[in-house]
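K.L.:
sequence and predicted structure are below.
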Amino acid sequence: MLLAGDIGGTKTVVALYSQESELPAIIKKSHFASQNYASLEEVIAKFLASEAITVARASFGIAGPVVEGVARTTNLPWVVDAQATSAQIQAPVRVLNDLAAIAHAIPFLPSSDKETLNAGKPAARGNLAVVAPGTGLGEAFLTSSGNRYHVHASEGGHASFSPANRLQAELLVFLQERFGHVSFERVCSGSGIPNLYSFLKETQKYPEPAWLAELLAQTDDPTPLIVKIGVESRAEISVATLDLFAEILANEAANMALKILATGGVYLAGGMPGRILSFLRKPQFLQSFMHKGRFSEMLKNMPVQVVINPESALFGAACHGFEPENFDD
């Protein structure tokens, strides 16, 4: 058996997979409210309490940086230590960043887990780009060697925001006055949505309805509300915010595609793309993605897909665990 998990500040999902099939086949899965537990070990103990099985190895994706098998979660008072967990289950354990886990899933996702925005003409074993706007902006890429893909981490989301048109140039100036350095994460993530909304409001490009201002004043996190109102087309300023977000995401996805030569495809993951699919399906998204001058034709041939499986990080952790090479010391 393989034990896999996706560890987040809100919830932790743990699952057992059979290693008798070519791809991870789930045997049992449970969701845990992370805040109700003191550690990952406590979650695992509860999950395995009624299971008379032997775990061969385990792989966990976690929302936070991983250094030498140790991760301190951003929104939890947990320290996830591969050695400590290994001692608990008496099997090898690997801990990886949640975006790296998603990247491990990409080559194995079924078509039902993906929404195609651009079919393109994928190159066999071509490089793959992953751009994942969630709370922050994660990025990774995969390169092929022989018959398997290798995942490479990236902090490209913190690279400097590069405007693609006059409106975005105005946005950059607006945010530079607030933050100094403006990364793509400031404008292309869940935490960046309020920045886009404030820009459109404070520069008087769109009026803010009084009813929406009242609702926003009552919430600690404005992003879900802005997104919901925009998707439902209930306020022009929220629609404009998501249009701007989609254009910036297209620009950065194309940047990533060119930098790593993603002839195999570009995958949009994380929490945001699936929530705003209607905006990504608008012609403006692919127009922005392909707006790269002499390389526009190359980008037309690159598939663009949205990962719509909300548990792709869990599946990716399992895929990582199925590769024995990932457990070589």
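P.N.:
Received the coordinates, thanks. Numbering: from 1, shown residues only.

K.L.:
residues of stretch 129-145 that come out buried?
P.N.:
129-142, 144 (16 or more other Cβ atoms under 10 Å). Bear in mind the C-beta positions are built from the backbone N, C-alpha and C, glycine included.

K.L.:
and those, which of them are in strands?
P.N.:
Among the buried residues of stretch 129-145, DSSP state E puts Ala129, Val130, Val131, Ala132, Pro133, Leu137, Gly138, Glu139, Ala140, Phe141, Leu142, Ser144 in strands.

K.L.:
picking up where we left off before, looking at the buried residues of stretch 129-145, which has the smallest pLDDT value?
P.N.:
Lowest model confidence among those falls on Thr135, which carries 87.

K.L.:
OK, contacts around the closest residue to that residue other than its chain neighbours?
P.N.:
Using Cβ to Cβ, 6 or more residues apart in numbering and skipping residues adjacent in sequence, the residue nearest Thr135 is Gly190, 4.8 Å away. Contact analysis of Gly190 by Cβ atoms under 8 Å, 6 or more residues apart in numbering lists Pro133, Gly134, Thr135, Gly136, Thr223, Gly271, Met272.

K.L.:
and with 7 Å instead?
P.N.:
Pro133, Gly134, Thr135, Thr223, Gly271, Met272 (Cβ atoms under 7 Å, 6 or more residues apart in numbering).

K.L.:
Val70 contacts Trp78, doesn't it?
P.N.:
No. Val70 is not in contact with Trp78 according to Cβ atoms under 7 Å; the separation is 10.9 Å.

K.L.:
neighbour count: the two, which is higher?
P.N.:
Neighbours per residue, other Cβ atoms under 10 Å: of Val70 and Trp78, the larger number sits with Trp78, 22 against 14.

K.L.:
got phi/psi on the spatially closest residue to the more buried one that is not a sequence neighbour?
P.N.:
Among residues not flanking Trp78 along the chain, Ser39 sits closest, at 5.7 Å (Cβ to Cβ, 6+ apart). Main-chain torsions, Ser39, degrees, to the nearest 10: phi -170, psi 170.

K.L.:
burial count for Ser39?
P.N.:
Other residues close to Ser39 by other Cβ under 10 Å number 17.

K.L.:
low-scoring stretches of this structure, by residue?
P.N.:
Where the chain drops to pLDDT under 70, the residues are 74, 329.

K.L.:
beta partners of Val95?
P.N.:
Phe60 (DSSP bridges).

K.L.:
so it touches Ala63, yeah?
P.N.:
No. Contact criterion Cβ under 7 Å: Val95 and Ala63 do not qualify, at 11.6 Å.

K.L.:
alpha carbons of stretch 221-233, as PDB, please.
P.N.:
Extracted in PDB, the C-alpha atoms of stretch 221-233 (Å, rounded to 0.1, in the frame of the first residue of the first chain):
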ATOM      1  CA  ASP A 221     -11.500  38.200   2.800                       C
ATOM      2  CA  PRO A 222     -12.900  40.100  -0.200                       C
ATOM      3  CA  THR A 223     -11.600  37.700  -2.900                       C
ATOM      4  CA  PRO A 224     -14.400  35.100  -2.800                       C
ATOM      5  CA  LEU A 225     -17.100  37.800  -2.800                       C
ATOM      6  CA  ILE A 226     -15.500  39.700  -5.700                       C
ATOM      7  CA  VAL A 227     -15.100  36.500  -7.700                       C
ATOM      8  CA  LYS A 228     -18.700  35.300  -7.000                       C
ATOM      9  CA  ILE A 229     -20.200  38.700  -8.000                       C
ATOM     10  CA  GLY A 230     -18.000  38.700 -11.100                       C
ATOM     11  CA  VAL A 231     -18.900  35.200 -12.200                       C
ATOM     12  CA  GLU A 232     -22.600  36.000 -11.700                       C
ATOM     13  CA  SER A 233     -22.200  39.300 -13.600                       C
END
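
K.L.:
which residues touch the residue sitting nearest the centre point of the chain?
P.N.:
Of all residues in the chain, the one closest to the mean position by Cα atoms, centre = their mean is Gly270, 2.7 Å from it. Neighbouring residues of Gly270 by Cβ under 7 Å, 6+ apart: Ala132, Pro133, Gly134, Gly138.

K.L.:
rerun at 6 Å
P.N.:
Ala132, Pro133, Gly134 (Cβ atoms under 6 Å, 6 or more residues apart in numbering).

K.L.:
can you lay out these as TSV showing distance to Leu117?
P.N.:
Shown next, in TSV, are the contacts of Gly270 (distance: Cβ to Cβ, whole Å):
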residue	distance to Leu117
Ala132	15
Pro133	15
Gly134	18
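
K.L.:
closest to Ser160 out of these?
P.N.:
Using Cβ to Cβ, Pro133 comes nearest to Ser160 of the contacts of Gly270, at 16.7 Å.

K.L.:
got a list of what that closest one touches?
P.N.:
Cys188, Ser189, Gly270, Met272.
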